[in-house]
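Peer 1: generate coordinates for the sequence data below:
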Amino acid sequence: MGYLVTSKANCFLCSHVAKLAQDREISQHTSQVLLDLLNSMGGVIGGCERLLSTPMPLSYTRHTTRTMMVFLMTLPFALWPLMGWATVPCIFLITFILIGIEETGVEIEEPFCILPLHALCEAAERDVSTYVECQAAAEA
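Peer 2: The predicted model follows:
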């Protein structure tokens, strides 16, 4: 359903750009550049929607977490004969690193929850508006 909204929005924007070109409010070159950018944006948005709609199985996340915890709980028994009391800081460091990597992996599974998308969209809107205003001023 989100893809239909994207297609409708993209179609609306393309028709609006075509109308602006037809009314000679923007040049043919600017119109072509905007249409190419809209086409590229549609492809990128479609890719993002496929990423978002492809779920990571919960059993995979649980399995990797449990396997890592079993490994980390048994690692001190394997390292103690070799390292003695140096095992404690070593295990702390290894645990910190591996849990950090695992948490990063969980966040990467849902990339749109951690990205500042609203701010990025506002910046893109501001840049496009500035570009259109500059083009209109150059043509006037």
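
Peer 1: tell me how many other residues crowd Leu37.
Peer 2: 14 (other C-beta atoms under 10 Å). C-beta coordinates here come from the backbone N, C-alpha and C atoms, glycine included.

Peer 1: ugh, wrong one, I meant Ala86
Peer 2: 11.

Peer 1: let's have the chain start at 25 instead
Peer 2: Sure, I'll start numbering at 25, so the last one becomes Ala110.

Peer 1: list of residues touching stretch 118-129?
Peer 2: With C-beta atoms under 8 Å, 6 or more residues apart in numbering as the contact definition, stretch 118-129 has outside contacts at Thr88, Thr89, Met92, Leu96, Leu99.

Peer 1: try it again with 6 Å
Peer 2: By C-beta atoms under 6 Å, 6 or more residues apart in numbering, the surrounding residues in contact with stretch 118-129 are Met92, Leu96.

Peer 1: may I have it as PDB, with CA atoms only?
Peer 2: Output of stretch 118-129 as PDB, limited to C-alpha atoms (Å, rounded to 0.1, in the frame of the first residue of the first chain):
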ATOM      1  CA  ILE A 118      35.200  -9.500  24.600                       C
ATOM      2  CA  THR A 119      31.600  -9.400  26.100                       C
ATOM      3  CA  PHE A 120      31.400  -5.600  25.600                       C
ATOM      4  CA  ILE A 121      32.600  -5.800  22.000                       C
ATOM      5  CA  LEU A 122      30.300  -8.800  21.000                       C
ATOM      6  CA  ILE A 123      27.200  -7.400  22.700                       C
ATOM      7  CA  GLY A 124      27.800  -4.000  21.000                       C
ATOM      8  CA  ILE A 125      28.100  -5.700  17.600                       C
ATOM      9  CA  GLU A 126      24.900  -7.700  18.300                       C
ATOM     10  CA  GLU A 127      23.000  -4.600  19.300                       C
ATOM     11  CA  THR A 128      24.200  -2.800  16.200                       C
ATOM     12  CA  GLY A 129      22.900  -5.700  14.100                       C
END
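
Peer 1: pLDDT (mean, whole number) over it?
Peer 2: The average pLDDT within stretch 118-129 is 91.

Peer 1: now that stretch, how far from the chain's geometric center?
Peer 2: Relative to the mean C-alpha coordinate of its chain, stretch 118-129 is positioned 21 Å out (C-alpha atoms, centre = their mean, to the nearest Å).
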